[in-house]
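Undergrad: can't give you the sequence, but here's the structure:
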C-alpha cells in the first residue's frame, strides 16, 4: 500500500514547519495511522540545512508532548512536488515560492497549510522567530488546529 505523503514548508525549516511535522507525527501515532502516512518538513531557503529545530520550538513542543529533536532542516527539492501528495506552505510567501518552483502538473498539491480550517479561520501560521515565548505557543496552537483538520481530511483519502 502506497503511503500518503505530506510535507510542511516554511522559510528555514527550523520553527514552523518542524512544529507542524512533530504535531502531525504525534497525532498520526495517536490515531494508529503512522504506518499509512509519511510526514516531512522543508524550507524555502537553505540557511539552516542539517540543523535541528530552533531550541525554543523544541522546548515549547516538548512541553506539549511533541518531540522535534530528531528533525533536521532541509530545503525543498524539485522531487518533492512529485513525491508528496500535499505540499503545505506555512504562509503566503512560502506558497508563492513553492508555486514558482512547482511543475504545472503538481500545482494542485501545493496549498496553504491552514486552508484546511473552516472558512474565516486564520490562513497563515505566524512566524515566531523574532518574538518571545507567546509566539512559539501560538504556532503550536495553529499547528494543532491545522493538523487536527488535516488528519480528518487524510482519513477520508487513505
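TA: Happy to help now that I have it. Just so it is clear, the model here is predicted, and its values are computed rather than measured. Numbers count the residues shown, from 1 in each chain.
Undergrad: hey, where'd the helices end up in this protein?
TA: Along the chain, counting by DSSP state H, helices occupy 16-30, 55-63, 80-83, 92-101, 133-157.
Undergrad: nearest spatial neighbour of the residue sitting furthest away from the middle of the chain, skipping sequence neighbours?
TA: Distance from the C-alpha centroid of the chain peaks at residue 1, with 23.3 Å (CA atoms, centre = their mean). Take residue 1 and drop its neighbours on the chain: the residue closest to it by CB to CB, 6 or more residues apart in numbering is residue 36, 7.2 Å away. Where you see a C-beta, it was placed from the backbone N, CA and C, and this is true even at glycine.
Undergrad: wait, doesn't that neighbour sit right on residue 4?
TA: Yes - with contact defined as CB atoms under 8 Å, residue 36 counts as touching residue 4 (6.4 Å).
Undergrad: my guess is residue 6 meets residue 83, correct?
TA: No - Residue 6 lies out of contact with residue 83 (CB under 8 Å); the separation is 10.8 Å.
Undergrad: Give me the more crowded residue out of those two.
TA: Neighbours were counted for residue 6 and for residue 83 using other CB atoms under 10 Å; residue 6 has more, 24 against 15.
Undergrad: rewinding a little: would you mind measuring from the residue nearest to residue 1 to residue 83?
TA: Computed with CB to CB, to the nearest Å, the distance linking residue 36 and residue 83 is 16 Å.
Undergrad: pLDDT (mean, whole number) over stretch 138-155?
TA: Mean pLDDT, stretch 138-155: 97.
Undergrad: Please point out which parts of that stretch sit buried.
TA: 138-140, 142-147, 149-151, 154 (16 or more other CB atoms under 10 Å).
Undergrad: For residue 28, give me the pLDDT.
TA: 98.
Undergrad: Same check on residue 120?
TA: 81.
Undergrad: And stretch 88-105, how far out from the chain middle?
TA: 13 Å (CA atoms, centre = their mean, to the nearest Å).
Undergrad: ends of it, how far apart?
TA: Stretch 88-105 has an end-to-end distance of 16 Å (criterion: CA to CA, to the nearest Å).
Undergrad: so who does residue 23 touch?
TA: Applying CB atoms under 8 Å, 6 or more residues apart in numbering to residue 23 gives the contacts 61, 66, 140, 143-144, 147.
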